[in-house]
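[1] coords please:
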Amino acid sequence: MIQAQSLTKRHGDKTAVDAIDFTVQPGTVTGLLGPNGAGKSTIMRMIVGLDRPTAGSVTVNGKHYREHRAPLCEVGVLLDAKAVHTGRSARNHLLALAATHGIPAARVDEVIELTGLGSVARKRVGGFSLGMGQRLGIAAALLGDPSVLILDEPVNGLDPEGVQWVRQLMRRLAAEGRTVLLSSHMMSEMALTADHLIMLGRGKVIANAPVSEIIGMAGTHRVRVRTPQAAQLAALLAQPDVTVTTDEPDLLKVSGISAGDIGEHAAGAGIVLHELTGVSASLEEAYLALTQDEVEYRASGSAQLQEAGR
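    Numbering: from 1, shown residues only. Below is the predicted model of the structure:
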């Protein structure tokens with residue numbers, strides 16, 4: 001378990017993390033989401049003692065990271081896959097880490113196979129692709145068979161097969177009762193991988209809930225209706241609390257009324273329907289809706305893009 005209480009980090013007059021509280025429970029995959037500058041990396045660095053909190057505290061399994069006698073066996077961390085000696089082979093890099101905790105070479109070979117590095121284990125890390133570097137970072141995180149895993153952008157640089165492998169691995173580790181905290185900018189992947197999300201904006205927690213609840217925060221459920229009598233149906237549905245939009249001649253996007261009620265209105269008016277489909281909001285839509293006022297750096301036109309994506 002990871003627990004933060006009033007966790008705060010300031011850099012001069014800038015507050016990167018602002019008195020936040022959260023708990024990352026074992027047995028779940030928890031995602032850390034937020035725009036650039038929201039404080040995600042700073043939080044992860046404070047958890048493992050690389051940054052000292054200005055105020056508050058964060059503990060792992062009831063202790064500060066520095067208090068664990070064998071941290072590799074308590075917490076597996078991937079913050080920067082490039083933080084390796086490029087002249088070493090992957091196996092020698094892992095052996096060097098293992099030696100600091102008395103971890104046997106057999107375990108090194110296990111994580112090499114687990115992460116798909118067997119064919120390149122004796123090659124120098126300096127020649128690795130970004131994806132192979134990520135696999136090595138994950139291997140290092142798993143080396144001590146820890147109960148807690150903290151992974152910053154673990155799918156960065158991986159091909160589709162690698163992304164699926166990470167997803168399955170994270171879910172399997174959580175199913176074993178481990179605590180898994182990860183960050184990612186791939187919304188679709190986070191929606192498939194995480195059970196719970198902590199969403200950040202300008203150093204504050206703006207949502208802390210299961211994925212399904214956060215998606216529900218995106219707002220209105222929509223219905224796709226395809227009909228050759230689109231104009232007639234749009235006029236029939238016109239009500240103060242119903243919104244109808246269209247970008248194709250025979251397609252309506254309707255919110256504020258259920259698919260069943262639309263079907264009944266259409267049947268009563270003799271309107272033929274070719275499609276009547278409920279459309280749930282996506283995690284990306286929820287993210288944009290919840291963080292639209294929390295983005296530190298915004299390119300011109302992004303507001304219009306966000307509006308169009310809703």
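[2] give me the mean pLDDT for stretch 3-16.
    Averaging pLDDT along stretch 3-16 gives 96.
[3] just how off-centre is that stretch within its chain?
    21 Å (Cα atoms, centre = their mean, to the nearest Å).
[4] using PDB, write out every CA atom in it.
    Extracted C-alpha coordinates of stretch 3-16, given in PDB (Å, rounded to 0.1, in the frame of the first residue of the first chain):
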ATOM      1  CA  GLN A   3      -0.400   6.300   1.400                       C
ATOM      2  CA  ALA A   4       0.100  10.100   1.100                       C
ATOM      3  CA  GLN A   5      -1.000  12.600   3.700                       C
ATOM      4  CA  SER A   6      -1.000  16.300   3.000                       C
ATOM      5  CA  LEU A   7       1.900  15.600   0.600                       C
ATOM      6  CA  THR A   8       3.300  18.900  -0.600                       C
ATOM      7  CA  LYS A   9       6.300  19.900  -2.800                       C
ATOM      8  CA  ARG A  10       7.300  23.500  -3.600                       C
ATOM      9  CA  HIS A  11      10.000  24.700  -5.900                       C
ATOM     10  CA  GLY A  12      10.600  28.300  -4.800                       C
ATOM     11  CA  ASP A  13       7.300  30.100  -5.300                       C
ATOM     12  CA  LYS A  14       5.800  27.300  -7.500                       C
ATOM     13  CA  THR A  15       3.800  24.600  -5.800                       C
ATOM     14  CA  ALA A  16       4.200  21.300  -7.800                       C
END
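[5] and the contacts of it?
    17-24, 39, 42-43, 46-47, 51, 53-59, 203 (Cβ atoms under 8 Å, 6 or more residues apart in numbering). Just so you know, the C-beta spots here come from the backbone N, C-alpha and C atoms, and that holds for glycine as well.
[6] do stretch 217-233 as well
    207, 209, 243, 246, 249-259, 262, 265-266, 269, 271-282, 285-286, 289-290, 310.
[7] which SSE is immediately downstream of the helix or strand where residue 232 lies?
    Element membership of residue 232 [criterion: DSSP states H and E] is helix 230-237. Note on helix 230-237: by DSSP H and E, the next helix or strand toward the C-terminus is strand 243-248.
[8] got the residue ranges for the helices in the stretch 101-250 of the chain?
    Using DSSP state H, counting those that start in this stretch, the helices of the stretch 101-250 of the chain run over residues 105-114, 130-142, 160-175, 187-193, 211-216, 230-237.
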